[in-house]
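J.: need a 3D model of the sequence below.
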Amino acid sequence: MSKHIDEPNRKILRSTLIVLIAACAIVGILLFAFLRIRAFLKPHRVEHDDISIDELNRLDYDEDYYCIQQNNREDPDEVMTVVVFGDDTFAYDRGPDGLAAMIAERTNATVYNCAFEGSSYACDSAVLDWENHPMDCFSPYRLLIALRDRYFDVYDVAYSYMDTVPDYFRDTVSLIQSIDFDTVDVILLQYGIHDYLAGHTNTDILDTAESDVSTVHSAIVQSVQLIRDLFPHVQIVVSSPCFGYYTREDGSLVSGDLVRTGSEISDNLPGYWGNIKATAAGLDVTFIDNYCGYNVNMDNAAQYMTAGSPIVPNVEGRKIMADHIADVLLHHLY
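T.: Residues are numbered from 1 along each chain as shown. Okay, the predicted model is just below:
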């Protein structure tokens with residue numbers, strides 16, 4: 001009798017164990033998936049020491065890679081006039097050894113340097129908040145809004161909330177107000193390094209209206225659209241960031257190729273470069289590649305970066321960059 005009773009019990013026990021094991025496996029899989037997703041979405045910095053510069057250089061293209069066709073117009077005064085909205089690359093040195101002066105010399109163009117150190121494509125706030133984010137006022141989108149509305153009083157407010165205001169900031173805002181944009185032929189946008197350093201979101205796939213200027217993609221889209229609305233005769237050039245270092249908390253430098261600063265997989269410096277390039281292509285504007293097409297990388301950057309400012313090319317680096325940008329302005333605008 002006991003044999004007939006024990007056998008069903010053993011079968012029940014085995015079945016119960018199988019169900020429990022399967023349940024534990026499912027819970028384990030779900031927990032693992034949850035932890036992986038949370039780790040992916042959480043902003044963090046990851047260093048990849050196994051990326052070689054040869055692998056990065058495979059992104060390069062042929063000699064016409066940096067240009068996308070645009071409509072052209074005849075220049076009535078036969079003098080190229082370029083307005084630069086940009087960051088430290090142009091703002092760092094505003095004298096004869098600065099990038100703007102070098103490009104003017106190589107192209108015989110009039111170049112207005114309207115760059116502000118510390119500025120970026122993306123704003124820290126999607127809505128203007130000069131009290132907490134005064135540097136947002138110096139993004140290309142906000143500068144163009146000020147031009148559209150002819151309202152620059154906001155900059156006096158922004159200065160009051162900045163820890164320090166470089167001497168040239170006020171002069172540059174006044175310069176922007178004084179420019180006759182009817183005579184301007186090219187607006188060159190040169191940003192990206194501070195978007196990278198701040199870990200700004202590259203692209204928000206939920207922003208289908210492309211209106212969130214706290215993301216790099218939408219900030220470029222909105223800036224280009226404003227230029228087209230305000231100055232339809234102007235040719236637009238998007239110039240990418242060049243090589244830069246990321247500064248660790250201990251003060252040591254590491255290549256921007258190797259450190260991810262934001263929450264997306266592509267948030268290392270080449271990822272920002274790629275996003276800017278793709279956005280320019282989608283907008284059908286000329287794109288200048290100062291990253292793969294610049295020939296400055298982690299192997300030789302010490303020769304071409306400014307001591308004490310590891311995100312700015314030194315004089316030799318600016319010469320290379322000026323040659324590159326001037327070549328596009330002279331020979332590859334359509």
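J.: OK, contacts around the most centrally placed residue in the chain?
T.: Nearest residue to the geometric centre of the chain (CA atoms, centre = their mean): residue 192, 2.8 Å. Going by CB atoms under 8 Å, 6 or more residues apart in numbering, residue 192 touches 87, 120-121, 216, 240-241, 272-273, 276. Heads up, the C-betas are built off the backbone N, CA and C, glycines and all.
J.: what sits against the nearest residue to it once chain neighbours are set aside?
T.: Leaving aside its chain neighbours, residue 192 sits nearest to residue 241 (3.3 Å; criterion: CB to CB, 6 or more residues apart in numbering). Taking CB under 8 Å, 6+ apart, we find residue 241 in contact with 89, 190-193, 196, 269, 272-273, 276, 290-291.
J.: do that again at 7 Å, thanks
T.: Going by CB atoms under 7 Å, 6 or more residues apart in numbering, residue 241 touches 192-193, 269, 272-273, 290-291.
J.: okay, residue 85: pLDDT?
T.: Listed pLDDT for residue 85 reads 98.
J.: would you reformat the contacts of residue 192 as a markdown table and include distance to residue 256 and secondary structure?
T.: Listed next are the contacts of residue 192 as a markdown table, based on distance: CB to CB, whole Å; DSSP: H, G, I helix; E, B strand; the rest coil:
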| residue | distance to residue 256 | secondary structure |
| --- | --- | --- |
| 87 | 14 | coil |
| 120 | 14 | coil |
| 121 | 16 | coil |
| 216 | 15 | helix |
| 240 | 12 | coil |
| 241 | 9 | coil |
| 272 | 9 | helix |
| 273 | 9 | helix |
| 276 | 14 | helix |
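J.: coming back round to it: from the contacts of residue 241, pick the one nearest residue 102.
T.: residue 290 (13.6 Å; CB to CB).
J.: quick one: contacts for the closest residue to the closest one other than its chain neighbours?
T.: Closest residue in space to residue 290, ignoring its immediate chain neighbours: residue 242 at 4.1 Å, by CB to CB, 6+ apart. Residue 242 is in contact with 290-291, 294, 296, 313, 321, counting by CB under 7 Å, 6+ apart.
J.: in strands, which of these appear?
T.: residue 313 (DSSP state E).
J.: farthest-apart pair in the contacts of residue 242, please.
T.: Spanning the widest gap among those are 291 and 313, at 12.3 Å by CB to CB.
J.: next up, phi/psi of residue 244, please.
T.: The phi and psi values for residue 244, taken as degrees, to the nearest 10, are phi -150, psi 160.
J.: quick check: closest non-adjacent residue to it.
T.: According to CB to CB, 6+ apart, the nearest residue to residue 244 is residue 311 (4.1 Å).
J.: need the contact list for the one you found.
T.: Counting by CB under 7 Å, 6+ apart, residue 311 has contacts 88, 193, 244-245.
J.: and whatever helix or strand it lives in, what's its mean pLDDT?
T.: Using DSSP states H and E, residue 311 sits in strand 309-313. The pLDDT scores in strand 309-313 average 92.
J.: what's the first helix or strand after the helix or strand encompassing residue 280?
T.: According to DSSP H and E, residue 280 maps onto helix 269-283. For helix 269-283, the following helix or strand on the C-terminal side (DSSP H and E) is strand 286-288.
J.: before we move on, the earlier item: pull out the buried residues from the helix holding residue 280.
T.: 269-277, 279-280, 283 (16 or more other CB atoms under 10 Å).
J.: any idea of the mean pLDDT for stretch 150-170?
T.: For stretch 150-170, the per-residue pLDDT averages 96.
J.: all helices for the stretch 201-334 of the chain, in order.
T.: 216-230, 269-283, 315-331 (DSSP state H, counting those that start in this stretch).
J.: for the first one, C-alpha coordinates in CSV please.
T.: Okay, so that is helix 216-230. Provided in CSV are the C-alpha atoms of helix 216-230 (Å, rounded to 0.1, in the frame of the first residue of the first chain):
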residue,chain,number,x,y,z
VAL,A,216,22.3,68.2,-30.4
HIS,A,217,20.4,66.9,-33.4
SER,A,218,17.3,69.1,-32.9
ALA,A,219,19.4,72.1,-31.9
ILE,A,220,21.2,71.9,-35.3
VAL,A,221,17.9,71.4,-37.1
GLN,A,222,16.3,74.4,-35.5
SER,A,223,19.4,76.6,-36.0
VAL,A,224,19.6,75.7,-39.7
GLN,A,225,15.8,76.3,-40.2
LEU,A,226,16.2,79.7,-38.5
ILE,A,227,19.0,80.7,-40.9
ARG,A,228,17.0,79.6,-43.9
ASP,A,229,14.0,81.6,-42.7
LEU,A,230,16.0,84.7,-41.8
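J.: thanks a lot, see you next time.
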